[in-house]
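[1] Curious how this folds, go ahead:
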Amino acid sequence: MSVVAEPTPERGPSRARGTAIRLARDTPIVQLAILIAIFVYGAVTLDGFSSATSIKSMLLLASFLGLAALGQTVLVLLGHLDLSVPGFIGLGNVATAILVGQNGWGFVPALAVIVAASIVMGGLSGLIVHHFRVQSIVVTLGMGFVLLGAIDVMARGGITGTAPEWLTRFATVITKTVGVSVPPLIVLWLVIAIIAGVILRRTVAGRRVYLTGANPRAAELALVRTRSVVIAAFALSAVGAAVTGVLLTGFSGSGDTGIGTPYLFTSLTAVIVGGTSIVGARGDYWRTVIGAIMLTVINTVLLAKGYSAAVQQILFGVIILVAALAYGRETRLRDRV
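    Have a look, this model is predicted:
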């Protein structure tokens, strides 16, 4: 007669370690701790770093990055990447300067044209990815080159237009919102972040995103139209990037064909460093918000310390490699079912 041994109770340290791992995986507590540590370091070592003006400046810059990374977050949750973000940012920026500043269009019609073009081109990328099963990194890279070529054609005669005065005020640190000394762009980002967080976590549309990212086949069996989800996600990424470009027109005051280039890696890095898993279906936009602020604080510290843009790129590369080692080894949820 065999005797079945009772399971050994989990020891205290092992249980505590497991709890800590789950807490770090399910909440952005680690990212928040790192952000606080970096900010404290900057406040201690740099004069004026923790002043109200400095904080508002960092949040303003983070808002551009956070808005550009909105659609990127949804795509990463689906297991995809978008390398066409710089192209759409450049499209929104240059088109605004030319249509509004040079050709005298009204802002609303110009914005409508930019958004419509972004939806079509972003949706086309999603359709190709889903229908032909082509890797998103390849499709969006090609779309990015198409956009860069189109921008060069638009700017061939020169960009002499400037941003509307109200748009410049909207994206300036010194402006107020309803009498409160906070730039309107930061308030807009906060509102969008709340809405995006609620949609992803509390609505049917959000659950469809997570289900599709976890297991597309199971999602289809559950009557989720995965094709529509993927196309809509790529369209969202395109629109978010293009609108960021429009807002950057107000921040810079004019159009710049290369204004979207810095966002090629930073939009993805903000998502990854915020804790959204690159294997899909784990994370949310609030993590990206933390990641965007973290990267902006790091950049501010590096610039204040005299480090070059090349050092920043090296740092972003290291962050992506570390995140790939941390998240890339996770088993996809679709493979666990």
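[2] Any regions of the protein where pLDDT drops low?
    1-14, 16-21, 23-25, 323-324, 326-337 (pLDDT under 70).
[3] how about a cut-off of 90?
    Residue ranges of the chain with pLDDT under 90: 1-28, 30-31, 34, 157-158, 160, 264-265, 273, 275, 277-282, 305-337.
[4] Could you check how far the most centrally placed residue in it is from L81?
    Nearest to the mean C-alpha position of the chain, by C-alpha atoms, centre = their mean, lies A69 at 1.3 Å. Here A69 is placed at a distance of 12 Å from L81 (C-beta to C-beta, to the nearest Å). To be clear about C-beta, it is placed using only N, CA and C from the backbone, and glycine gets the same treatment.
[5] before we move on, what about R15?
    As judged by C-beta to C-beta, R15 and L81 stand 37 Å apart.
[6] neighbour-wise, which of the two wins?
    Higher neighbour count among R15 and L81: L81, with 21 against 11, using other C-beta atoms under 10 Å.
[7] how about that one, what does it touch?
    Q72, L75, S136, I137, T140, L268 (C-beta atoms under 8 Å, 6 or more residues apart in numbering).
[8] Would it be right to say that V120 lies in a strand?
    No: if the criterion is DSSP: H, G, I helix; E, B strand; the rest coil, then V120 is helix and not within a strand.
[9] got the buried residues for stretch 250-270?
    For stretch 250-270, the neighbour count (16 or more other C-beta atoms under 10 Å) marks 250-257, 259-260, 262-270 as buried.
[10] Go through these and flag which are in helices.
    Among the buried residues of stretch 250-270, the members found in helices (DSSP state H) are G250, F251, S252, Y263, L264, F265, T266, S267, L268, T269, A270.
[11] Let me have the residues you listed in a markdown table, extended by distance to L32.
    As requested, those are exported to a markdown table (distance: C-beta to C-beta, whole Å):
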| residue | distance to L32 |
| --- | --- |
| G250 | 30 |
| F251 | 27 |
| S252 | 31 |
| Y263 | 24 |
| L264 | 26 |
| F265 | 23 |
| T266 | 20 |
| S267 | 21 |
| L268 | 21 |
| T269 | 17 |
| A270 | 15 |
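[12] Which one of those is nearest to L221?
    Nearest to L221 among these, counting by C-beta to C-beta, is L268 at 30.7 Å.
[13] doesn't V273 make contact with the residue nearest to the centre of the chain?
    No: assessed by C-beta atoms under 8 Å, A69 is found out of contact with V273, at 10.5 Å.
[14] joint contacts of these two?
    G291.
[15] And for R22, the neighbour number?
    10.
[16] doesn't it fall inside a strand?
    No: assignment of R22 by three-state DSSP gives helix, placing it outside any strand.
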